[in-house]
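Okay, sequence plus prediction incoming.
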Number of protein chains: 2
Amino acid sequence: MGRVRLVEVARAAGVHPATASRALNPGARDEVNPRTVQRVVRAAEQLGYVPNTLARGLRTSRSFVAALVIPDITNSLFPPIVRGAEQVLSGAGFTLVLTDTNNDPDLERGQVSSMRAHGVDGFIIATARWQDPLLDELAKSAVPVVLVNRRSADAALPFVGGDDQRGVRLSVDHLVAHGHRSIVHLAGPADTSTGRERATAFRAAMREHGLPVRSSVIECASYSEQAGAAAAQRMLRSGRPFTAIVAGNDLLALGAMEVLGAAGRRCPEDYSITGFNDLPFMRKLTPPLTTVQVPLTDMGAVAARTLLDWIGKPDSVRTTQTLLPVELVVRGTTGPAT
Amino acid sequence: MGRVRLVEVARAAGVHPATASRALNPGARDEVNPRTVQRVVRAAEQLGYVPNTLARGLRTSRSFVAALVIPDITNSLFPPIVRGAEQVLSGAGFTLVLTDTNNDPDLERGQVSSMRAHGVDGFIIATARWQDPLLDELAKSAVPVVLVNRRSADAALPFVGGDDQRGVRLSVDHLVAHGHRSIVHLAGPADTSTGRERATAFRAAMREHGLPVRSSVIECASYSEQAGAAAAQRMLRSGRPFTAIVAGNDLLALGAMEVLGAAGRRCPEDYSITGFNDLPFMRKLTPPLTTVQVPLTDMGAVAARTLLDWIGKPDSVRTTQTLLPVELVVRGTTGPAT
DNA sequence: GTGAAAGCGCTAACAC
DNA sequence: GTGTTAGCGCTTTCAC
């Protein structure tokens, strides 16, 4: 906490606190005599003055704090997003408060409300579900909110994500180019926009290639290795033939590979698989995973900039939808079908 | 921000704001008539009252915010720590503000000062360097600070970390038990406590086994794959014979394996290697990495609890050093020497 | 057990 | 260009 207060700086500089405040505030600095500014600034430095942000916030109802809401920070997908956001925010003089909802909507509700009590200037939310009452409420309120990575069906809020459609299309094209025709999609959960949109894109791409879509999409309960493993098990039991898998994300791919390996199906000899997100170490697997690389750090950064824009001009409630370009990183997992 | 203020709750309940404040505040609730408490609480709920934490903080000089300082959130070591800390803190009604220093001491300085301006109640710091002027300053100030994962040479501050010494000893014992006698240590940077202490423990363990210590420790410039690769290169060029490596952490191990693999040295046939931390996916490598598992989530949680303790009773400046138990996870990387 | 009054540290509106 | 005044929303003495 700033031990030394503005009054003391003012006293040291021989001016009134209000003048000191103006001198120290970039916005009002030009309303004051340059020489006075000098004196005040020097005094502030000498005393080691650190403004009390709480008091400032109480007065201005601006806290220069932005909240980032994450479902699970230990999921390697999110740290780069956090990092990108943090860099932009702290570069703009903002502080980032992070909250990890542990994928629990109730917890999330409480945390968001607590952040609001702390007077945060805005939210970046990475937990959007397809139907999300909390987001609907937030969208109605005046608080600036930007969705990142996942969006919601209804909420009219700005969104920054990856170009999921293109990522899936690239994957399917790649597999088809290698001669695959029996391709299965392990879809992410239907209560996420990514799950829905990647599945839709998968069906579209398959149709374009004149390939059958019937029962080629298997939905996973969550984006986890466990869910991927369970889906692979169901797939095996169903007896549905396949030579390639487009997994909804890398974790699903890992879970599926584990189960298929245990069942004696070798990759890439017996089947090919693609992931999504390119988590760290995916290139270290044997064989390395072919996957869709998403610019996660940029995603966080762009989301933060979008939020700052909104906070800057509170009148214009924008609902920009930004899709960042993705890229298929071919690593050799997906050899031609046998 | 809490749109509805305390005054309005008080008005609705037909009491004075001061009474409403007491009724809503667990600490002073018993100074007020239970029936009045009822009325106030009900009114607060009905109006959806959310206390303004800034105003409260301004008055009480308590913000219920704790800051967590991390060198790089994209390093998989830190997310579990963040998570553990977040859970404990938000469970105790605290908010976590996260700052990523990008391993830059100057940035860190600015960020810490900014957090102080925000009136945070305390710090958890994961960026400690062995010589760390910032920590020395903080230790002198009255702010509660807890170090996590790494500690500092001088600063008399509480510390929560893993039992590095034991981890290294387990690794060496394991390798020796498999017949290795030429063991090299890729040490972490000397400006981190982990780097220094693991190296010291390595030398001690080697001596205990009656093995030579001379030129068996190679220091790495940072805890990164790149630094591990560079160290391995130096090791190869030196011509020093070895059959096993104890890497300062998993990233160093990965970097070394890459270089050694490119040089035609196969693991585990030609050499064995152990890591430290058990980052996610280490078990997915081929061969899976034998490594020291550190309870990272607990580490964050214990650090948070230590901080809360301190904040709770500001008088007693403690300097507890907590070492959490570690475990060697043997995964088959480390077969017997050829 | 409850009300009145003061003030946390700062900034915005208004004077001069 | 600078000082004066008032108040952000809350808690906390101090009366009663």
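Looks like it came in fine.

what helix or strand is A:Ala139 on?
helix A:133-140 (DSSP states H and E).

CA atoms of that helix as CSV?
Extracted in CSV, the C-alpha atoms of helix A:133-140 (Å, rounded to 0.1, in the frame of the first residue of the first chain):
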residue,chain,number,x,y,z
PRO,A,133,-27.5,-17.6,-18.6
LEU,A,134,-24.7,-15.8,-16.8
LEU,A,135,-23.5,-14.4,-20.1
ASP,A,136,-27.0,-13.3,-21.0
GLU,A,137,-27.1,-11.4,-17.8
LEU,A,138,-23.7,-9.8,-18.3
ALA,A,139,-24.6,-8.9,-21.8
LYS,A,140,-27.6,-7.0,-20.5
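
how about the residues of chain A that lie near DNA strand C?
A:2, A:5-7, A:17-18, A:21, A:24-25, A:27-28, A:51-52, A:55-56, A:58-60 (Cβ under 7 Å from any atom of the strand). The C-beta positions use only the backbone N, C-alpha and C, and glycine is treated the same way.

List only buried entries from those residues.
Among the residues of chain A next to DNA strand C, the ones that count as buried by 16 or more other Cβ atoms under 10 Å in any protein chain shown are A:Gly2, A:Arg5, A:Leu6, A:Ser21, A:Leu24, A:Pro51, A:Asn52, A:Ala55, A:Arg56, A:Leu58.

List just the nearest of those residues to B:Met299.
A:Gly2 (31.0 Å; Cβ to Cβ).

for the residue of the stretch 1-150 of chain A found nearest chain B, helix, strand, or coil?
Relative to chain B, the nearest point of the stretch 1-150 of chain A is A:Leu98 (4.1 Å; Cβ to the nearest Cβ). For A:Leu98, the secondary-structure state derived from DSSP: H, G, I helix; E, B strand; the rest coil is strand.

One more: A:Val146?
Here A:Val146 is recorded as strand under three-state DSSP.

what sits against it?
Residues in contact with A:Val146, defined by Cβ atoms under 8 Å, 6 or more residues apart in numbering or on different chains, are A:122-125, A:157-160, A:303-304, A:306-307, A:310.

And the strands in chain A?
Remark: strands assigned in chain A by DSSP state E are A:65-70, A:95-100, A:122-125, A:145-148, A:159-162, A:183-187, A:217-219, A:244-247, A:272-277, A:290-293, A:321-324, A:327-329.

Point out the most buried one among these.
When these are scored by mean count of other Cβ atoms under 10 Å in any protein chain shown, the highest mean neighbour count falls to strand A:244-247 (a mean of 30).

chain center to it: distance?
Offset of strand A:244-247 from its chain centre (Cα atoms, centre = their mean, to the nearest Å): 24 Å.

And for stretch A:177-188?
Using Cα atoms, centre = their mean, the mean C-alpha position of stretch A:177-188 is found 27 Å from that of the whole chain.

Could you list the low-confidence segments of the stretch 101-250 of chain A?
Across the stretch 101-250 of chain A, nothing is flagged by pLDDT under 70.

For it, which residue gets nearest to DNA strand C?
A:Gly119 (12.3 Å; Cβ to the nearest atom of the strand).

what's near enough to touch A:Ala155?
For A:Ala155, the contact set (Cβ under 8 Å, 6+ apart) comprises A:Ala128, A:Asp132, A:Leu135, A:Asp136, A:Leu138, A:Ala139, A:Leu147.

now A:Asp278
A:Asp278 is in contact with A:Asp250, A:Thr291, A:Val292, A:Gln293, A:Val294, A:Val329, counting by Cβ under 8 Å, 6+ apart.

ok, for the residue of the stretch 101-250 of chain A closest to DNA strand C, nearest residue in space, not its chain neighbours?
Closest residue to A:Gly119 apart from its sequence neighbours, by Cβ to Cβ, 6 or more residues apart in numbering or on different chains: A:Ser63 at 4.3 Å.

residues near that neighbour, how many?
A:Ser63: 23 surrounding residues under other Cβ atoms under 10 Å in any protein chain shown.

That one and B:Asp173, how far apart?
53 Å (Cβ to Cβ, to the nearest Å).

coming back round to it: which elements pack onto the helix holding A:Ala139?
Judged by 3 or more Cβ pairs under 8 Å, 6 or more residues apart in numbering or on different chains; DSSP states H and E, helix A:133-140 is in contact with helix A:105-117, strand A:122-125, strand A:145-148.

which stretch among those comes nearest DNA strand D?
helix A:105-117 (8.5 Å).

list the buried ones in that closest one?
Within helix A:105-117, judged by 16+ other Cβ under 10 Å, the buried ones are A:Glu108, A:Gln111, A:Val112, A:Ser114, A:Met115, A:Arg116, A:Ala117.

Can that helix be said to contact DNA strand D?
No - using Cβ under 7 Å from any atom of the strand, we find that helix A:105-117 stays clear of DNA strand D, coming within 8.5 Å at best.

Output that helix as PDB - backbone C-alpha positions only.
Provided in PDB are the C-alpha atoms of helix A:105-117 (Å, rounded to 0.1, in the frame of the first residue of the first chain):
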ATOM      1  CA  PRO A 105     -20.900 -22.800 -13.400                       C
ATOM      2  CA  ASP A 106     -22.000 -22.100  -9.800                       C
ATOM      3  CA  LEU A 107     -18.500 -21.300  -8.600                       C
ATOM      4  CA  GLU A 108     -18.200 -19.100 -11.700                       C
ATOM      5  CA  ARG A 109     -21.300 -17.100 -10.800                       C
ATOM      6  CA  GLY A 110     -20.000 -16.400  -7.400                       C
ATOM      7  CA  GLN A 111     -16.500 -15.400  -8.700                       C
ATOM      8  CA  VAL A 112     -17.900 -13.100 -11.300                       C
ATOM      9  CA  SER A 113     -20.100 -11.400  -8.800                       C
ATOM     10  CA  SER A 114     -17.100 -11.000  -6.400                       C
ATOM     11  CA  MET A 115     -15.000  -9.500  -9.200                       C
ATOM     12  CA  ARG A 116     -17.800  -7.100  -9.900                       C
ATOM     13  CA  ALA A 117     -17.800  -6.100  -6.200                       C
END
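
relative to helix A:133-140, how tilted is that helix?
30 degrees (axes from the mean of the first three to the mean of the last three Cα atoms, to 10 degrees).
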